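Undergrad: quick one: sequence and predicted model below, then my questions.
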Amino acid sequence: MKDISVLKKINLLKDINDKNLKEIYNICRFKKYNTPTILFEYGSNTNFIFMIIKGKVEHLLPLQNERLIKFYVSEAGETIGLSSILPKEYRTLFTAKTFKGITEIVEIDRNELNELFQKNRSLGYIFIKQVLKVYYRKKTTQNKILISSLLNHPEIKKYIDS
């Protein structure tokens, strides 16, 4: 049986007090994946925030020929699917796929999270503040990795070199 201590290992939640973590814990679903699994597809709407407890999740982008390239890997403690807390017209910016081996994830439904924030507005404020901190750090890192990866990718390199 898991308890709130597992949530304290998630970067997004580590600064939230125990009382508020217990409220979040009550809407969490704990999932375990033993084989590579797509959590969400590029350009889709997701209703869930995914927090990685164990294992890794690849961030993949489609190329014109429908091949996917990996541009980032999220590890234990990281959160993906934050676009789910935005209005529905915002879609995912990548495909998320679990790695081989065991991946454990905490899944939170956006509707349940919204209901919780309606009841506890201060928790909603704290949560969104944490999301902004994590989002800023993650996007800065991902942009650097993406640009570097693109510049070194053979299919793109041939256009740059020509």
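TA: Yep, that arrived.
Undergrad: can you give me the helices in the chain?
TA: 18-25, 110-119, 121-152, 154-161 (DSSP state H).
Undergrad: weakest of these by average pLDDT?
TA: Lowest mean pLDDT within these: helix 154-161, at a mean of 72.
Undergrad: tell me what that one is packed against?
TA: helix 121-152 (3 or more C-beta pairs under 8 Å, 6 or more residues apart in numbering; DSSP states H and E). For the C-beta atoms, the positions are set from N, CA and C on the backbone; glycine is no exception.
Undergrad: show me what the helix it packs on packs onto, helices and strands only.
TA: Using 3+ C-beta pairs under 8 Å, 6+ apart, helix 121-152 sits against helix 18-25, strand 68-75, helix 110-119, helix 154-161.
Undergrad: run the last query once more with 7 Å
TA: Judged by 3 or more C-beta pairs under 7 Å, 6 or more residues apart in numbering; DSSP states H and E, helix 121-152 is in contact with helix 18-25, strand 68-75, helix 110-119.
Undergrad: what sits against the closest residue to residue 114 other than its chain neighbours?
TA: Of all residues not flanking residue 114 in the chain, residue 85 sits nearest, at 7.9 Å (C-beta to C-beta, 6 or more residues apart in numbering). The neighbours of residue 85, taking C-beta atoms under 7 Å, 6 or more residues apart in numbering as the test, are 49, 110, 113, 131.
Undergrad: count of residues packed around the second one?
TA: By the other C-beta atoms under 10 Å criterion, the neighbourhood of residue 110 contains 18 residues.
Undergrad: from residue 34, how far off is it?
TA: Residue 110 sits 26 Å away from residue 34, going by C-beta to C-beta, to the nearest Å.
Undergrad: could you list every residue that touches the nearest residue to residue 20 once chain neighbours are set aside?
TA: Nearest residue to residue 20 in three dimensions, chain neighbours excluded: residue 123, at 4.8 Å (C-beta to C-beta, 6+ apart). Residue 123 makes contact with 20, 23, 116, 117 under the criterion C-beta under 7 Å, 6+ apart.
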